[in-house]
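In: mind folding the following:
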Amino acid sequence: MTMRMTKPNRVHLSAAAALLIAAASPRAQASGFELREQSASGQGQSYAGSSAGGTDISTMFYNPAVLTRFDGTRLNLGFTSILPSTEFSGGAASRSGIPAASPFSAIAGPATTGNAALSAVTPTLYAMYSLSRDLKAGVAVNVPYGLTTQYDANWIGRYHALRSHLQTIDIAPTVAYRFSDQWSAGVSFVARQAKAELSQGVDFGYEAYGAVAAAGLNNTNPLTGGPIVYPGAADGSVSVSGSSWAYGFKAGLLFEPTKTLRLGLGFQSAIAETIKGTATFSVPGTVALGMAGLAQVNPTQTAALAGLGQAFAAGTANGPVSALLNLPSMASLGLAWDLSSAFTLSAELERTQWSKFQELRLKFANPATQPDNYTTENWQDTTFFSLGGTWHTGGPWTCRAGVAFDKAPVADAFRTPRIPDADRTWLSAGVAYQFTRGFGVDFGYTHIFCKDSTLNLQGGSDPGAPSFMDGNLSGTYKNSIDIWAVQARWAF
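Out: From the prediction side, this is the model:
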């Protein structure tokens, strides 16, 4: 049952909306919930100079114009293994609207977690065909956003998050043209599929406790003297899953003022995903037992009890949902400078428009019984900067190294267990080996150092607010990430 029997989803689906935007940043390896890992060669130098074009066609992900730097037919196939560590500690959780002295105030459960982030392997594929010396056609397949996190069912933050999973796939046909020896331009059409899944705990006992009090019903167990329904006595869950297709574009310029200096400008458009899916509730048997107990001590209130039951059934009915996910635009500027035949210095500056992500609104098919639910995000634009170097040995080996700084888009007041983002510093290294003229392999490794991130969520005092039934939750996240990448390159 719910605090407000006519609008139960406003209470226990607020976190359900979070998955439909999804991703928890420590599982994604760039600010917000972006996956920057798109090639092993770029990984080896923290993606420095990617927009200016690197040693292979994988940099078309950041700037489609760089294809004009390559000839013939080329194919890249890569895999990246992402090994995150995300541990929550020092936790405290309490129910909104209940005095601290009450035995029902504290939310029971483990106040620390093991690693809540699951490892993942993401693929990349790039192909290019030279239509002429100056005109190039290509296609890229990437996973630009993604995460999977899993908390234990009884942890103290279960009303905020249990499982979160996001997977996106981009398919981007590309055309690039060289206008002169100095200037090239390119454009990509992006088709993106997003799949999302979320679950969280629901405190049906607390919702029933408040609803019974509001209705003026007797809630006293005649045998024990305690309440029949009470907070924490009937935990259930809700899960949301959905998918969508949406479309956008990329565009870029490449300027080569000399044979040793390249400047690249890349742009990726914002993409609005309308994710459509299904909400599914799991209601424990203790809810029915509680209703039976209330009927025994309220023999003359059959109409009121029937009304509560009907409102609860309508509010927790499984059915379709939709949410608008505004994925940000990104602008990047890259530099690659061949200081000598043996060394290339690279730099990258990227600005991501996370400020588009201000609110997530979840819409139900029957707004009369399940009105819109929204979550305020208030994210901010972020800047990524990296500096790297490539050493050309003159033989089959190439060595790379890089460092990067990545700012989190979320302020402390809005951080959630689904997206406990934090500022991070990258240290990267990589090598490449050219087996033959037409075949080579790249390896890249990065360790990401993340600042500890604090969590201090407040459910507020309004029972009708989306966050009220989630409760208050505080604690600290300690995060770090290891990334390994491998990529094979063919030139025909």
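In: now this protein, which segments are flagged as low pLDDT?
Out: 1-32, 373-376 (pLDDT under 70).
In: residue ranges of the helices in it, please?
Out: With DSSP state H as the criterion, the chain has helices at 9-12, 16-19, 40-43, 204-214, 285-297, 302-315.
In: highest mean neighbour count out of the ones you listed?
Out: Across the helices of the chain, averaging neighbours per residue (mean count of other CB atoms under 10 Å) puts helix 40-43 on top, at a mean of 31. Using the backbone N, CA and C atoms, a C-beta is placed for each residue, glycine as well.
In: that older thread, closest to residue 268 out of the helices of the chain?
Out: Nearest to residue 268 among those is helix 40-43; the distance by CB to CB comes to 15.4 Å.
In: out of the helices of the chain, nearest to residue 381?
Out: So among the helices of the chain, helix 16-19 is nearest, using CB to CB, at 20.6 Å.
In: looking at this structure, which strand is longest?
Out: The longest strand of the chain (DSSP state E) is strand 235-258.
In: other SSEs contacting that strand?
Out: helix 16-19, strand 163-178, strand 183-203, helix 204-214, strand 261-268, strand 271-282, strand 319-327 (3 or more CB pairs under 8 Å, 6 or more residues apart in numbering; DSSP states H and E).
In: 7 Å - rerun?
Out: If you count contacts as 3 or more CB pairs under 7 Å, 6 or more residues apart in numbering; DSSP states H and E, strand 235-258 packs onto helix 16-19, strand 183-203, strand 261-268, strand 271-282.
In: circling back to that earlier point, okay, the helices of the chain in TSV with distance to residue 183 next?
Out: Shown next, in TSV, are the helices of the chain (distance: least, CB to CB, whole Å):
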stretch	distance to residue 183
helix 9-12	54
helix 16-19	44
helix 40-43	24
helix 204-214	63
helix 285-297	68
helix 302-315	60
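In: ok, which of these comes nearest residue 465?
Out: Taking CB to CB, helix 9-12 is the member of those nearest to residue 465, at 7.6 Å.
In: hmm, back to that, ok, which of the helices of the chain comes nearest residue 140?
Out: Using CB to CB, the nearest of these to residue 140 is helix 40-43, at 13.0 Å.
In: if we can go back for a sec, can I get the helices and strands packed on strand 235-258 in JSON lines with distance to residue 229?
Out: Formatted as JSON lines, these follow (distance: least, CB to CB, whole Å):
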{"stretch": "helix 16-19", "distance to residue 229": "23"}
{"stretch": "strand 183-203", "distance to residue 229": "11"}
{"stretch": "strand 261-268", "distance to residue 229": "51"}
{"stretch": "strand 271-282", "distance to residue 229": "17"}
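In: pick the most buried one from the ones you listed.
Out: Taking mean count of other CB under 10 Å, helix 16-19 is the most buried of the helices and strands packed on strand 235-258, at a mean of 26.
In: how far out from the middle of the chain is the longest strand of the chain?
Out: 11 Å (CA atoms, centre = their mean, to the nearest Å).
In: got the CA positions of it in PDB?
Out: The C-alpha coordinates for strand 235-258 follow below in PDB (Å, rounded to 0.1, in the frame of the first residue of the first chain):
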ATOM      1  CA  ASP A 235       9.600  -4.800   1.300                       C
ATOM      2  CA  GLY A 236       8.900  -5.300  -2.300                       C
ATOM      3  CA  SER A 237      10.500  -4.000  -5.500                       C
ATOM      4  CA  VAL A 238       9.800  -2.400  -8.800                       C
ATOM      5  CA  SER A 239      11.800  -2.800 -12.100                       C
ATOM      6  CA  VAL A 240      11.700  -0.800 -15.300                       C
ATOM      7  CA  SER A 241      13.000  -1.900 -18.600                       C
ATOM      8  CA  GLY A 242      12.800  -0.200 -22.000                       C
ATOM      9  CA  SER A 243      14.500   0.600 -25.300                       C
ATOM     10  CA  SER A 244      14.500   3.100 -28.100                       C
ATOM     11  CA  TRP A 245      16.100   4.300 -31.400                       C
ATOM     12  CA  ALA A 246      17.200   7.900 -31.900                       C
ATOM     13  CA  TYR A 247      19.300   9.700 -34.500                       C
ATOM     14  CA  GLY A 248      21.900  12.500 -34.600                       C
ATOM     15  CA  PHE A 249      25.000  13.500 -36.500                       C
ATOM     16  CA  LYS A 250      28.700  14.200 -36.200                       C
ATOM     17  CA  ALA A 251      30.700  16.800 -38.100                       C
ATOM     18  CA  GLY A 252      34.400  17.800 -38.200                       C
ATOM     19  CA  LEU A 253      37.200  19.800 -39.700                       C
ATOM     20  CA  LEU A 254      40.800  19.000 -40.100                       C
ATOM     21  CA  PHE A 255      43.400  21.700 -40.600                       C
ATOM     22  CA  GLU A 256      47.000  20.800 -41.600                       C
ATOM     23  CA  PRO A 257      49.000  24.000 -41.800                       C
ATOM     24  CA  THR A 258      52.300  22.100 -42.200                       C
END
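In: what residues sit buried inside that strand?
Out: Using 16 or more other CB atoms under 10 Å as the test for burial, strand 235-258 gives 235-242, 244, 246, 248, 250-254, 256.
In: partner strands of that strand, with direction?
Out: strand 183-203 (antiparallel), strand 261-268 (antiparallel), strand 271-282 (antiparallel) (DSSP bridges).
In: and the residue lying closest to residue 183 once chain neighbours are set aside, what is it in contact with?
Out: Setting aside the residues directly before and after it, residue 183 is nearest to residue 255 in space (CB to CB, 6 or more residues apart in numbering), at 6.1 Å. By CB atoms under 7 Å, 6 or more residues apart in numbering, residue 255 lies in contact with 182, 183, 263.
In: just the closest of these to residue 429, please.
Out: The shortest approach to residue 429 among those belongs to residue 263, at 25.3 Å (CB to CB).
In: the closest one contacts residue 337, doesn't it?
Out: No: judged on CB atoms under 7 Å, residue 263 makes no contact with residue 337 at a distance of 9.4 Å.
In: wait, residue 97 sits on residue 461?
Out: Yes: contact status for residue 97 versus residue 461: in contact at 6.2 Å, counting by CB under 7 Å.
In: who has more neighbours out of these two?
Out: residue 97 (17 against 9; other CB atoms under 10 Å).
In: got a list of what the more buried one touches?
Out: Taking CB under 7 Å, 6+ apart, we find residue 97 in contact with 461, 463, 468.
In: I'd like to know how far the first one sits from residue 215.
Out: Separation of residue 461 from residue 215 (CB to CB, to the nearest Å): 20 Å.
In: try residue 136
Out: Using CB to CB, residue 136 is found at 70 Å from residue 215.
In: ok, the residue nearest to residue 271 when sequence neighbours are not counted to residue 123 distance?
Out: Nearest non-adjacent residue to residue 271, counting by CB to CB, 6+ apart: residue 248, 4.0 Å away. To residue 123, residue 248 is 21 Å away according to CB to CB.
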